[in-house]
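In: Fold the following, please.
(one chain, ligands or ions: 1)
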Amino acid sequence: MIHIPAGYIKNLYSKTLTWNFMSEPGPGVGGRSFSLPQGRVLGGSSSINGLNYVRGQAIDYDNWAAAGNPGWSYADVLPHFKRSETKIGTGDPKYRGKSGELPITDLDWHHPVSDALIAAAEAIGIPKNPDHNGASQEGAGFFQRTMKNGWRFSSAKAFLYTARKRKNVSVRTNAHTSRILFDGLKAVGVEYIKGGKGGATVQVNARREVILSAGALNSPKILQLSGIGPADLLKRHGIPVLHDLPGVGRNLRDHYAVRMVSRVAGIRTINEMVQGPALLVQILRWLVGLPSPLAISPSVVHIFAKSDPALDRPDLEFACAPASFREGVVGLLDKQPGLTLGVWQERPESLGYTEIRSRDPFERPIIQPNYLTHPEDVKALLGGIRLARQLFRAGPLQKYVVDETSPAKSLETDDELLDFARQKGTTVYHMIGTARMGPAEDPDTVVNHKLQVHGLQNLRVIDASIMPSMPSANTNATTYMIAEKGSDMILADKV
Ligand SMILES: Cc1cc2nc3c(=O)[nH]c(=O)nc-3n(C[C@H](O)[C@H](O)[C@H](O)COP(=O)(O)OP(=O)(O)OC[C@H]3O[C@@H](n4cnc5c(N)ncnc54)[C@H](O)[C@@H]3O)c2cc1C
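Out: Okay, the predicted model is just below:
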């Protein structure tokens, strides 16, 4: 199921393919907890994610550099974005790569309601943008995907399957990393447990350095289990403090989205196309390589827009599809035609944390994203909800939209809409920041601009956890860029 794009929802709830984490009850979201799956297979979360490829805005990276990270401005990182991709189809060579391992494709399955939504955006002043990963992100269009010929391209498929043929690459599966090994303050290897709890403990020695790439929830966990993190936390769990680094596990950020749904009439949407006998038709189309909703990302239309016209750049991302879930049940499609506009604030300020629950490497960590606890996040999301309503009501969609079902039209005031957002919103699975990059003088940071852990030798973190702040994007493309840049740094330091 991993390789078929339509397997997305099924994979999310898989106990074997994901880490099955949960967030703590959130003060800003009515005390609710969320399932926070992370990919637990080769390719990690890129093997189970929503396939959308979004790089963010140039200024996101200029801000990273300005925060004390030389080499991370947009001009610095653009070549690394380009290097990993082969953009299939059109794309300005100034911004798009043509010879990387990761294929990026445009949508080949078009639906009249998607076209009407893009026209609706234009009608309210949001221009069409044919390449959200080109010169400018702002505008409406179709998401680009990490997919080719109807199949998902995870990082395993794009990069690892080729790399593992080399003599110097060895892949060990069923291996649960429990800690990093040290000689003094120098990382010298890793320890893992083979085959699950109670399995054999195996140690692997590093000839040069240890690279930690376990993702924004597992990398801080492994650091903390290894004695690197806030001293008080480590002491509480009886872990000897190797290095007191308060930023490990702090600065957790994620996108929090609200899904707005309209009932649609006069046309079949994905809801009816992939349920009952109609599904067989779509399976056949997919098998013979014809465009099919089985080979699309869960969101097909993007709109990058401003929650307030006075802003100088977009702060909202809409992820939309001619489809809808039954009220309150993510993953179960409605029986009637529907249109969903998911919206989130691109650069959330609400900060959370993650920390070990115990010294048992098999125990799930505590994860508190603190969604919607920052006033800026609340303000932007409210702007997004109001903008979504404008879109539903704009001329080009009037042919299809017959009713707004969520939120109900009767909800109108800021308080009512905010209550809706707090009760009905959910994660978009874009966790970052828990081993934040920045100068050592900043006590909140964990790695320097070369991704080396402050105060230690021979240890780097190269994954989504190093992002100093949220890029205006879904986080996979940025993670690939970080990996490309990190690999250059490893090679440059080779002695
Ligand atoms: C459901 C979902 C949907 C998403 N949709 C999108 C999308 O549409 N577009 C987008 O851009 N981004 C999306 N993302 C986010 C994106 O996939 C991640 O930002 C990206 O994969 C992060 O990469 P990473 O290398 O930091 O971590 P991961 O991809 O999570 O990789 C970490 C790897 O380390 C392994 N690991 C962790 N702990 C241990 C341990 N103790 N021992 C051994 N191995 C371990 C994991 O099994 C995994 O293979 C989504 C994420 C999820 C979960």
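In: In a strand, Leu387, correct?
Out: No - membership of Leu387 in a strand is not supported by DSSP: H, G, I helix; E, B strand; the rest coil, which gives helix.
In: Name the nearest residue to it, ignoring sequence neighbours.
Out: Spatial nearest neighbour of Leu387, chain neighbours left out: Ala305 (6.1 Å); criterion: C-beta to C-beta, 6 or more residues apart in numbering. Placement of C-beta: from N, CA and C, glycine included.
In: Tell me, how many residues neighbour the one you found?
Out: 26 (other C-beta atoms under 10 Å).
In: and it, how far is that from Lys194?
Out: Counting by C-beta to C-beta, to the nearest Å, the gap from Ala305 to Lys194 is 49 Å.
In: Find the nearest non-adjacent residue to Val54, please.
Out: Nearest one to Val54, counting by C-beta to C-beta, 6+ apart, is Ala473 at 4.2 Å.
In: again, but for Ser114
Out: Val301 (5.0 Å).
In: returning to what we had before: list phi and psi for the residue nearest to Val54.
Out: In terms of degrees, to the nearest 10, the main-chain angles of Ala473 are phi -170, psi 160.
In: about what we covered before: correct me if wrong: the residue nearest to Ser114 contacts Cys320.
Out: Yes - assessed by C-beta atoms under 8 Å, Val301 is found in contact with Cys320 at 4.2 Å.
In: any common contacting residues for these two?
Out: Residues touching both Val301 and Cys320 (C-beta atoms under 8 Å, 6 or more residues apart in numbering): Ser114, Leu117.
In: contacting residues for the residue nearest to Ser114?
Out: By C-beta under 8 Å, 6+ apart, the contact set of Val301 is Ser114, Leu117, Ile118, Ala140, Gly141, Phe142, Phe143, Phe318, Ala319, Cys320, Ala321.
In: Tell me which of these fall in helices.
Out: Of the positions in the contacts of Val301, Ser114, Leu117, Ile118 sit in helices, assigned by DSSP state H.
In: interface residues of the chain facing the ligand?
Out: Within reach of the ligand by C-beta under 6 Å from any ligand atom, the chain has these residues: 12, 37-40, 44-46, 48-52, 54, 175-177, 213-216, 218, 222, 429-430, 463-464, 474-477, 479.
In: which of those residues count as buried?
Out: Buried subset of the residues of the chain next to the ligand (neighbour count, 16 or more other C-beta atoms under 10 Å): 12, 37-40, 44-46, 48-52, 54, 177, 213-216, 218, 222, 429-430, 463-464, 474-477, 479.
In: How much space separates the residue in the chain that the ligand sits nearest to from Ser292?
Out: Using C-beta to the nearest ligand atom, Gly44 is the residue of the chain that sits closest to the ligand, at 2.3 Å. Gly44 is 27 Å from Ser292, where distance means C-beta to C-beta.
In: do Pro25 as well
Out: 40 Å.
In: Settle it for me: which of the two has more neighbours?
Out: Neighbour tally, Pro25 and Ser292, criterion other C-beta under 10 Å: the higher count belongs to Ser292, 22 against 12.
In: How about the contacts made by the more buried one?
Out: For Ser292, the contacting residues are Trp109, Gly150, Gln282, Ile283, Arg285, Trp286, by C-beta under 8 Å, 6+ apart.
In: can you pick the most crowded of the residues you listed?
Out: Neighbour-wise, the contacts of Ser292 (other C-beta under 10 Å) top out at Gly150, 23 neighbours.
In: Can you tell me the SS state at Ile367?
Out: strand.
In: And for Lys197?
Out: Of the three states, Lys197 takes coil under three-state DSSP.
In: Could you give the number of residues near the residue lying closest to it once chain neighbours are set aside?
Out: Spatial nearest neighbour of Lys197, excluding adjacent residues (C-beta to C-beta, 6+ apart): Phe362 at 4.8 Å. Using other C-beta under 10 Å, Phe362 is surrounded by 11 other residues.
In: Select from the contacts of Val301 the one having the most neighbours.
Out: The most crowded member of the contacts of Val301, judged by other C-beta under 10 Å, is Leu117 (28 neighbours).
In: got a list of what that residue touches?
Out: Shown in contact with Leu117 (C-beta under 8 Å, 6+ apart): Ala140, Val301, Ile303, Cys320, Leu339, Leu341, Leu391, Pro396, Leu397.
In: Ok, Val241 next?
Out: Gly227, Ala231, Leu234, Lys235.
In: how distant is the least confident helix or strand in the chain by mean pLDDT from the center of its chain?
Out: Ranked by mean pLDDT, DSSP states H and E, the weakest helix or strand in the chain is helix 8-12, scoring a mean of 84. Distance, stretch centre to chain centre, for helix 8-12: 15 Å (C-alpha atoms, centre = their mean, to the nearest Å).
In: Enumerate the positions of that helix that are buried.
Out: Tyr8, Asn11, Leu12.
In: same for that helix, what does it pack against?
Out: The criterion is 3 or more C-beta pairs under 8 Å, 6 or more residues apart in numbering; DSSP states H and E, and there are no helices or strands that helix 8-12 contacts.
In: then it to PDB, C-alphas only?
Out: What follows is helix 8-12, C-alpha atoms only, in PDB (Å, rounded to 0.1, in the frame of the first residue of the first chain):
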ATOM      1  CA  TYR A   8      -2.300   7.300   2.200                       C
ATOM      2  CA  ILE A   9      -5.200   7.200   4.600                       C
ATOM      3  CA  LYS A  10      -4.900   3.500   5.300                       C
ATOM      4  CA  ASN A  11      -1.200   3.800   6.000                       C
ATOM      5  CA  LEU A  12      -1.800   6.600   8.500                       C
END
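In: neighbouring contacts of that helix?
Out: 1-2, 17-18, 35, 37, 47-51, 297-298, 330-331.
In: Following it in sequence, what is the next regular element?
Out: Note on helix 8-12: by DSSP states H and E, the next helix or strand toward the C-terminus is strand 21-22.
In: Which neighbours in the sheet does that next one have, and how are they oriented?
Out: strand 35-36 (antiparallel) (DSSP bridges).
In: average pLDDT across the strand it pairs with?
Out: Averaging the model's pLDDT scores along strand 35-36 yields 95.
In: and what of stretch 306-324?
Out: The average pLDDT for stretch 306-324 rounds to 97.
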